[in-house]
Structure formats: structure tokens, C-alpha cells
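**Student:** One predicted model, sequence on top.
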Amino acid sequence: MLTLLEQLDKGFLWQSPGGIHPPQLKTLSNQSAISRLPLAKRFIVPVPLVGEQAILTVSVGDKVLKGQALTEGSGFTYLPVHAPTSGHIIAIEQHASNHASALPILSCVIEADGLDTWCELTSNSLEQLSKTEILSKIKQAGIAGMGGAAFPSHVKLNPASEIDLVIINGIECEPYITSDDRLMRDHSDEILAGVGIIHHLLNPQRIIIAIEDNKPEAAKNMQAAIERSSLPKGQIRVTVIPTKYPSGGEKQLIQIITGKEVPSGAIPAQLGIVVHNVGTAYAIQDAIYHGKPLVERVVTLTGENIAKPGNYWLPLGTTVADALQAVDFKPSTQQKVIVGGPMMGYALADLDVPILKGTNCLLVPSPEEIAPDTTEKACIRCGECAVACPALLLPQQLFWHAKAQEYDKAASFNLKDCIECGCCSYVCPSDIPLVEYYRVAKSALKTAAEEKHQAEQAKIRFEARLQRLEDEKNAREAKAKEAAAKRQANMKSSDKDAVAAAMARIAAKKAQAESNTSVSEAPTVTTQTAIDPKKAAVNAAIERAKAKKAAQADTSNVKAADHTDALLDNINADDVKTDDKQAKVAAAIARAKAKKAAQANDVISSQTDAITGSEHNKDQVTPPDDKQARVAAAVARAKAKKLAQAAASSSATDPIATPDANVPTESTDATDASADHSTEPLTPSNTIEPQTADSSVSDKQARVAAAVAKAKAKKLAQVAAGTSATDPIATPDANVPTESTDATDATDASADHSTEPLTPSNTIEPQTADSSVSDKQARVAAAVAKAKAKKLAQVAEDNQDQSLENQHNEQHNEQHTEMSTALSPEQAKKAKVAAAVAKAKAKKLAKSAEQEEQ
Amino acid sequence: MTSIFIAIAVLSLLALVFGVILGFASKKFKVEGNPVIDQVEALLPQTQCGQCGYPGCRPYAEAIANGDHINKCPPGGTATMEKIAELMGVDEEPLNAEAQSAVKKVAYIREDECIGCTKCIQACPVDAILGAGKLMHTVIAKDCTGCDLCVEPCPVDCIDMNPVETTIQNWDWKLNTIPVKVIHSEQEEQAC
């Protein structure tokens, strides 16, 4: 048993099924060598890929040289288009195409200048170029299969799999056509050079040049060329095969040469075989060795209505009309101009169409030469077509289904494997144009497949849109729900606030009545505080107690409440000495309220301890006579707490947090960085600090303020801790280190920073402090604060751990603040004015903050 | 007598066994949803145009599965109707004349008249219109299903429904329709 290679070397041939033997009629055009026609005046170069894979590089009026690329593009199968001659672009327009439909496609119309000047050409030798460079050159030369299908050659020269066998197709089985025959006779050495390049690229085991036995001269010339070439002997040979139509079909040729059948839907490369036309080989050597792009090809102009039939080098883009005129075309009535051979060609509807890369023949037969269109008769089921079919299909069945427009049934008889060779039509005794039916069916199937694909795409898009709308709706609903919940919460709190405020007012009135001190509504802050400092002290105590209560409300238990009571007693004892009755009343009220609040919650947490602990600390540290300092400390502590918790919430994405310039945004050790800040006397935080301190010069009222502030601060802090980073309430707390990953470090940092009253959140504090100067106001404010604190504290229950941590930090911070407040000057009036200003500002800010919150 | 009892017993036993098998099978091989709906939907052209009176192709597929008329899909045309008739095993129902002569269309926005109201974008069921508020819109022709739904909402009536252009790619080979030009021969010219 011989191996395939040995069989190939021996020239062993197989039989391909079907096929016919139509009259050759090749002698009409193959008698003379390939010649040239005078250059036409006008060329039409279709640029069908423009808009899909390519862009035009020229515009109307541009001068182009022969061989200049007109398009530029990317994509694996993209092929550039070149100017076939030098001249000017006179139009870029839709022009009738060289296609059975003659539908217009985008084309460049070039007016030749008659000089036929080449653009700059670079010739190379194989040794200079790598394989990729060769492939790229072939691609840039625009070389497509010259056999008729015009498939980009660089794709076939760069296969994914190993190629064992290359077949150079010189069969040219269709009647009339002799372009390949003449090319092989006249340019055998050039073709061999092209084969050498293909050999270099694919490195196959064998190269077979297949030629039909009706072209003995071509076979002889090619054999001689092989002898002359430097290609390894034994690897390349000419195989002459018997004449039969359609042996030149790729699949048929492979079957004849190797006996292998290319499976349906597969390509020959999967068998390790590649087929190239001889014209392609010629074009490849022209591109590599001479640098010439594919701008002309050999076209057989034949038929009895042509006076000078033969083969001619025609620049691509030459119009059919021009070419025929140059060879003395004498049309008869109802003249058909057929592109391609009589078997597979198509008649042109318009002669003003260009010669393309795959146009190998123009046939203009006389009426005697070609059978006139006959009327189709009924199929007699003779079965001749099935015998003739080279693809082993059942043409009758295909015909029935195609005629009945049952295209899917036709498809089930492998309609797609039909190569449209026309054998069945040729042998049909009933003159049925079978191939026409198949073409109709094929295009209908293609359209159906396309529509199905489009429907699928439309469905996907429709479903994606529905999904998107659904998602948007859900998001909107969630947002609305959230907003509603917030609104409801706000409403509730404002109701509560109103009640609390009313209660506070009553309590204040009672206290006033008992003290018998006539407190007229002081026109200015100074006078009022000067008049009764003691009352203020009482108020302060009350407010502080309330605030404390509020602070505890979030986590307190009974034990904690008791603790607070004890603490309250202590504090009140200090403050109230001078005014016993008032104080006692106030203390009692405060205590009662605290108890109530404490009992309302039965959640036990360590946070309470932390709070009370901090209270202790404060009381111990603060000297009883230095009330200013105490107040300041309280204020500072409140701020610290708030800010610390804001930091704990690590609102890294908070947009409002960023404006603060003092934030150590990228510090990994935030504590160190902020510590530096706090010791700098020049930083805004320190310079403005005195203001707050000064405002507290009016002694006892300031304590009230402090208490209020504390309560508020706590509230805010817990809100910040409890809510997410994007919570608008948290946003005023600008001192957050935006990129801190370590929450504890961040807390420290912001705690130190909290001595700055410049941030919006901080400015709120002085406001509440100062506004409480008139005691009634203060009480109301305190009550409000208390209520809010309570509410918010409950909201924040789930964040107890975090807040606990923050309260520890607060304690550290407190001491720090006291140091700074000790330095504060005692210019009381100035300070008060400043405080008033601050108050106004703070109020405004607080309002805007509230609006934001809503 | 005994044989009768035996027969009854055997038959009851068999009935029980088969009952169990059927019950098991109905649980094990239960099909979620109605597969016919999916099959009908696959046949519909997915233009989502609503010309059938249902909000999209799937609702119409559901309606057909529930016994609605099969001739309510003008974009699908007679071919779709025939396929549905075959699938559902019902008689073919002719479409109205307008639907039968319908050609595939694609929306086109006259861009210099577009005021950028985005109404057509909202109307398009397949997101085939591109644009933004107060900016010109345009139709992505390859994704347009020609459903017509964008024409109505346009406040300036700048949307046209154009027939799909015939190109070489979608050109349909038709029997004996190659237009043959009569080229006068020289003899005839001389005769004239």
C-alpha cells in the first residue's frame, strides 16, 4: 500500500463524482499571447468595505498614482484597494456594481492622466523579509484569489493548522476561459517564483501544479519552469488531470488529486491542504519581488461577437464597456454580456461596471453560439441531474422544495453544499434552470437566517431594556421609600421636639416663679447675664442634667441612671449652693427626667459607663472656680465626641468632608499628623478657639451652653456613627481623614482636630451655647437638644461599640482642650460680640444642615 | 368465582403500580411554564411593535398559546403566520391586505429637525435610538426593528419609516429577473 505522498509523486488520480464534458471552445481566445489594450480614460474602483472595515484615504480632486492605496483599514480579512492608474479622482459615488444585481455600491471614479505613473515601488527578496512581513506585504498588495471567489490570499497563506499539500490550480475547466492557460504559457517562471513564496510561507511536503490535459502547452511550460527553478526537486510536480467540468472546483480538485473529500461545512485547510490559483501565485511574486500591488489581471475577452478575442492585461476598474470596445465588440440584438464562463457566469445588466479581481472572463456570445432562453418544461424525473452533480446532491429534490418555497426542507437536503456549477441545468432535458432555483432558495435561506439572528438580537435588546427599566423603577421606589422614612422620622422628631420644648418652657416658668427673680427679656446678652448669674447657673445645671440624661438614653440601664443621679447630685451641689431653692427644684426635675429616660431603655451597654466615666473625669479635672475652663472643656468635649464618631463612620466618599484643608488625607498614622496640628498655635483651630472660650466668659450661662452642646454633639456623633458614609447628616463633619483605613487612628486624628470651630459642624456649637444666654431660650434649646439626642441615640444603638471607642478618645481629647482654653483672654465684651457673630453664622449653617438632612 | 377476584386483584394492583409510576413521572419530569409559548415566541419577529394588541412579542406568544388568533402579526407576515399555524395545529388565517404588502422598514430621523426631546428614545423597545436631551438623536439602523413606535411620540414629526435599502448583501436572486438591456446592433443602427 502506497502512502499518499508516494501516490501523489506517482501522479495517481482519483475519480470525482458527477461532472460533464461541455464543448471547450477555448481555441477562440488562446491562440495569441497576452497583450495590452490602450489605456482607458475612466476607471471605476469599488470600495465596498468603506464604512465597515476601512476608511477612504483620498477625496474628490486628489491626484493618485498607479498602485496608490485608496483605503486604509484594519481587520483580518480587510484588503486595501489601489488606484489602477495615475490620474485624478473625479467622483466618489454610488455606482453600479459588477454583480448580477447591478446594485450601486460606493466607488471611486478615476480619470486617467494617460501617464500611468507608478507610485514608489520597493522590491524585495525573500531573504530580506520575515514570514510576517511577507504576509503583510501580500495583504497590503490587496491580493485576493484570482480564480473567481476573490477570497483574501493572506488568510489562506496563514492557516492555523499545518499544511502538508499545496495545490496550484491551473485547471480552468469552464469553457471559453483561457486566462490561466495563457498565463502559464507566457509567465511560467513568474508563477514558479510565486509558488516559491508560497512554499517559503507554508513549507508543505508537496506542491502540485494541477493542469487539465486540454492545456498540454501550459503543462509543458510549467514543467520546464520547474526544471529551471531553485525549488527542491521531488517536492513539486505538475499533475495533468483529465478534462472534466467542474474539476477546477476546490473540493473537486482535492478529491481528484488526493482522494479525500472535504467534509460539508469544512475548509480544505482542516485536511492540511490549501489550493491557490496560478494567477494568485503570479500576483504574489509581483507583490514581493517588484512591490507591485494587484492593479491588473488577465481577462479573457471572448465570444463570437468580439473581433479580436484573446487574453488581455486589464487594469482593475476598467469598465466592461471600455474593454469590449477596445476589442471591437459588435453587439447583436438582445446581446448578453456574461461575466465568467457560460456555466457559472452571470449576465450583466449594465456594461458600465468595473473589472474586479475575480473577473477572469467576459463572454459576449453570438445568438448562434449560446442556446437561447428556452421555456422551462416539467421535470420528468429522469435523474440525469443527480448523475451529473459533482457534490452528490439530489438536484430533483432540491428543485421540488425550492420551487414550492419550502426552503427549510431544501436546506435539509444540504442545499448549502451546492457549488452552483450548473451541471444539473446543463444536462436537464426539460431545460429547467435548476441553479437559478437554488440561488433563489439560498438567498431566501440566508435572509431567513439573517432575520432570525436580528430577531434574537432584538429580543436580547428588548429584554435588556425591560430589565433596565425594572431596575430603575426599583431603585426609584427604594429611594422614595427611604425619603419617606426619613421624612416620617423627621416629622416624629419635630413633634417630639415640640412637646419637649413645651415641657421645658413650663419647667422654666416654674423655676422662674419660684426664684422670684424678675428676669426681663434682656435686650443684650451682656446685661442679661450680668443681672443674674446665679439663675443662669441653676439653668445650666438643669440643662446639663437633661443633656446627660439624653446622652444616656441611648444605652442606659437602670444602673446607669442611678449612677447619673448620683453624679447629678454632686454637680448640682457645687453649682446650686448659692441659690438653694431654685437649684433643688431644678435638680429634682432633672433627676426625675433622667430616671424616666433611663428606664425607657433597657439595653445594657458599656457605653454608659464610658459616658459617666467621662463625666467624672471632667468634674475631677475642672477646678470649681475656673468655670470658664469647664465650659470650654465641655464644649470641646462635645465637639470631640461628635467628630470622633464622624471619623469612625469613615466617610471616605463624603464629598463635603473633603473641603477641609486641615485633614491629613493620606496619613497612615493619623494620630501623629493631627497631633502636630493641634500643637501649632498658628492653625485656624487654635486662633479661633479663644472665641468660643470668650463667649463662655459670661459664666454660668455658658455651662448651660456646654451641656446643650454636649447633648447635640452626642446626637450628631451617633448619627454619624450609625448612618452610612453617604448620609448627608454626617457630611458637615468635615474633619474626617478621607483615606484612613484604621478607624481608631482616624478617630484620634479628628478628635485632635475638633478644637477647630471653623468647620460648619463646629460653628453650630457656639450658636447653641450663646443662644442660651437668655435662659428661656436656653431651656427650650436644651429640651430640643435632649429630645433629638434621645431619638438619635436610639437610632444608633447598633453602633454602640464604635461610639464607646470614640468616647474613650473623647476623654483624651478633653484634657487637651482644657490646656488650650486656659490661655484664653478675658476680654469679655469683645468675645461676646464675636460669639454673637459666630452664633448668627452657626444658626444659618445649622439651618442649611437641617435642610440638607430633610 | 375466584378467577374474577384474581382478575380484579391483578387489575387493581396494576392500576396502583401504574398510578405510582405516573405520579412519580409527573413530579420528576414536570416542565416549568408552557414550552409552546417559547416555541411561538421563537417564530415571532421580535419587533416588539405591539401591532397585535399585546405589549410585545412574548405576551402575544402567550395569547396564541391560549388560543388567540394567529394572524395578528403584520411584521412577521404570512410566513410567520404559516409557521405558527403549523406549530399550533390550527388553520391558517389570512392577514389583512395591508400586512401582506408590508415591506421591512427602518426608522430614520431627519437630524436637522430633531429637537432632542428623547421621546423616541423612551419609546424604542430595543434601544436602537441614540441621543441625549437637547442633542440630536439618530437611529442605529442595524438594530432598528421597524416597529413604528417612535413615530407617534415625536413632537416635530421628524421620523420617517423608510423601506430597508436593498444591497448586494441582502439582494434576492429572482428567477428571470435579470434585467437584460437591449443593445442595438450596428446593423439595426444602419437600418435606422
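**Tutor:** Thanks, I have it.

**Student:** and whichever residue of the stretch 51-200 of chain A sits closest to chain B, helix, strand or coil?
**Tutor:** Using C-beta to the nearest C-beta, the closest approach of the stretch 51-200 of chain A to chain B is made by residue A:101 at 4.4 Å. Every residue, glycine included, has its C-beta placed from N, CA and C. Secondary structure for residue A:101, judged by DSSP: H, G, I helix; E, B strand; the rest coil, is coil.

**Student:** Regarding chain A, what is its longest helix?
**Tutor:** helix A:434-515 (DSSP state H).

**Student:** what bits of the chain have low per-residue confidence?
**Tutor:** No chain was given, so I picked chain A. A:1-2, A:493-496, A:516-543, A:545-835, A:838-839, A:842, A:846, A:849-854 (pLDDT under 70).

**Student:** hmm, I had chain B in mind actually
**Tutor:** In chain B (pLDDT under 70), the answer is B:97-102, B:174-192.

**Student:** Could you chop chain A up by domain?
**Tutor:** Domain assignment for chain A by automatic domain parsing gives A:4-346, A:374-498, A:606-853.

**Student:** same deal with chain B?
**Tutor:** B:35-100, B:105-163.

**Student:** Off-centre distance for the longest one?
**Tutor:** Read it as domain B:35-100. Relative to its parent chain, domain B:35-100 has a centroid offset of 7 Å by C-alpha atoms, centre = their mean, to the nearest Å.

**Student:** That domain near chain A anywhere?
**Tutor:** Yes: interface with chain A: domain B:35-100 contributes B:44, B:45, B:46, B:47, B:48, B:56, B:57 (C-beta under 8 Å from any C-beta of the partner chain).

**Student:** So which of these is the closest to residue A:217?
**Tutor:** Sorting the residues of domain B:35-100 next to chain A by distance to residue A:217 puts residue B:45 at the head of the list, at 58.5 Å, by C-beta to C-beta.

**Student:** Residue B:126 and residue A:465 touch, don't they?
**Tutor:** Yes: the criterion here is C-beta atoms under 8 Å, and residue B:126 meets it with residue A:465 at 6.8 Å.

**Student:** Which of these two has more residues huddled nearby?
**Tutor:** The neighbour count for residue B:126 versus residue A:465, taken as other C-beta atoms under 10 Å in any protein chain shown, is higher for residue B:126 (24 against 16).

**Student:** Spatially, what comes nearest to that one if we skip its sequence neighbours?
**Tutor:** Once flanking residues are discounted, residue B:126 sits nearest to residue A:461: 4.1 Å by C-beta to C-beta, 6 or more residues apart in numbering or on different chains.

**Student:** OK, contacts around that neighbour?
**Tutor:** Residue A:461 is in contact with B:126, B:127, B:128, B:143, counting by C-beta atoms under 8 Å, 6 or more residues apart in numbering or on different chains.

**Student:** ok, of those residues, which come out buried?
**Tutor:** Buried members of these, counted by 16 or more other C-beta atoms under 10 Å in any protein chain shown: B:126, B:128, B:143.

**Student:** What helix or strand is the first one located in?
**Tutor:** Using DSSP states H and E, residue B:126 falls within no helix or strand.

**Student:** Buried ones in stretch A:323-343, by neighbour count?
**Tutor:** A:323-324, A:326-327, A:329, A:331-332, A:335-343.

**Student:** which two of the residues you listed lie the greatest distance from each other?
**Tutor:** A:326 and A:343 (25.9 Å).

**Student:** Let me know how buried residue 158 is, in neighbour terms.
**Tutor:** I'll assume chain A. Neighbours around residue A:158, by other C-beta under 10 Å: 17.

**Student:** that's the other chain; I wanted chain B
**Tutor:** Counted with other C-beta under 10 Å, residue B:158 comes out at 18.

**Student:** repeat for residue A:116
**Tutor:** By other C-beta under 10 Å, the residues close to residue A:116 number 14.

**Student:** quick one: contacts for it?
**Tutor:** A:39, A:66, A:85, A:86.
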